[in-house]
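Colleague: based on what follows, work out the 3D shape:
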Amino acid sequence: MIDDSQTALLERAPTTDTPPATQLRAVPSQLATADRLGALKDLPGFWEGTGFSLIARPDFSGKSPNGIFLQLNLLRETIEFTSIGSPVFNRGSLQDDIAIYGVTYLHRVTDAVSGGALHIEPGMWLNIPETTSPKADASIARLATIPHGNAVCTVGFVQQAVFDKLPTIPPANTVPFGIGGQPPAAGTKNPFPEYDLGTASSFRTSPLPDGITQAILDDPNQVLRDALAQQVNVKGMTLKAITRLITQTPASGGIANIPFINSNADAPSMESVFAIETVEDACGNEFLQLQYSQTVLLNFGGRSWPHVTVGTLIKAF
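Modeller: Residues are numbered from 1 along each chain as shown. Okay, here's the model as predicted:
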């Protein structure tokens, strides 16, 4: 004989019907995530190294004849990249939705001589699929925020190369030019005495850190060439492959600044190349290094003043 409590249990017994499938949103495997990151797949991890920064900053004292102080720093840097394991869906109104994968990062920069803080930058790199509206090939984007009061979005493309020799790295311009004009041709002499190490100036970093030469002041990308030449020509290493992440703000993307920056030293544009390099040492061991060159224009005093930063970092973890 079955009592009421047993009847209740029978009524709650599971049926043999198959429940509807549930779509899981858990993070996929590391291999699947790396595949979806595309050219960004080697970024996740911890990178550390050295670099160089040149910036002409406004001088409000009224004592500088050209209204600037030229700040030159040797750098120590770290960048930590972390995968965004899940897709980020962008919903389409003119085409199907797209899924974006990417990495977050935190870039810290200190002065190599004093150890003082110079720069901290949280941001993201994104791998964007081909789209039909707008009609565009697959692309990459870099998003960054800087505590001066800037938020940056640059968009660009990937360039792959295989090497058995030193690559050609074009020069980085440091010569100021009229706002809205074109940067001068490579090799143009800088007319400002602050940029001439042979001319004494109270409006330039002093004492000048050892290792800063006229050659790298004229073209900071020389620091990158020197680092590669040291590895290949002196240490017997081999540069095997390069993945270049090339992005800029002109035509797409942009920079948003707080009002103070807009009025005092407007930052209208940024372009950069981040090169992920596969290097083989003299013992046949491979490692990854990241070389970057970045130029931000600062507009004040009727001119665009290039702020150029370069660095070479090795993937440590």
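Colleague: so what's the gap between stretch 196-212 and the chain middle?
Modeller: Centroid separation for stretch 196-212 versus its chain: 28 Å, with C-alpha atoms, centre = their mean, to the nearest Å.
Colleague: give me the buried positions along it.
Modeller: By neighbour count with 16 or more other C-beta atoms under 10 Å, stretch 196-212 contains the buried residues 196, 197, 201, 203, 204, 205, 212. (Each C-beta comes from the backbone N, C-alpha and C, glycine too.)
Colleague: and the fifth one, backbone torsions?
Modeller: The phi/psi pair for residue 204 (degrees, to the nearest 10) reads phi -150, psi 150.
Colleague: can you tell me the closest non-neighbouring residue to it?
Modeller: residue 70 (4.4 Å; C-beta to C-beta, 6 or more residues apart in numbering).
Colleague: so what's that neighbour bridging to?
Modeller: Note on residue 70: beta-bridge partners residue 56, residue 204, judged by DSSP bridges.
Colleague: helices along the stretch 101-250 of the chain, start to end?
Modeller: 214-218, 222-229 (DSSP state H, counting those that start in this stretch).
Colleague: can you lay out those helices as JSON lines showing mean pLDDT, distance to residue 259 and mean neighbour count?
Modeller: Output for the helices of the stretch 101-250 of the chain, formatted as JSON lines (pLDDT from 0 to 100; distance: least, C-beta to C-beta, whole Å; neighbours: other C-beta atoms under 10 Å):
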{"stretch": "helix 214-218", "mean pLDDT": "97", "distance to residue 259": "32", "mean neighbour count": "18"}
{"stretch": "helix 222-229", "mean pLDDT": "97", "distance to residue 259": "34", "mean neighbour count": "19"}
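Colleague: restrict stretch 276-292 to CA atoms and write it as CSV.
Modeller: The C-alpha trace of stretch 276-292 is given here as CSV (Å, rounded to 0.1, in the frame of the first residue of the first chain):
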residue,chain,number,x,y,z
ILE,A,276,57.1,39.9,-32.2
GLU,A,277,60.4,38.3,-33.1
THR,A,278,61.4,34.7,-32.9
VAL,A,279,65.2,34.5,-32.1
GLU,A,280,67.5,31.5,-31.9
ASP,A,281,70.5,31.7,-29.7
ALA,A,282,74.0,30.3,-30.4
CYS,A,283,73.0,27.0,-28.7
GLY,A,284,69.9,26.5,-30.8
ASN,A,285,67.3,27.6,-28.2
GLU,A,286,64.5,29.7,-29.4
PHE,A,287,63.0,32.7,-27.5
LEU,A,288,60.5,35.5,-28.2
GLN,A,289,61.3,39.2,-28.0
LEU,A,290,59.1,42.2,-28.6
GLN,A,291,60.5,45.4,-30.2
TYR,A,292,58.3,48.4,-30.6
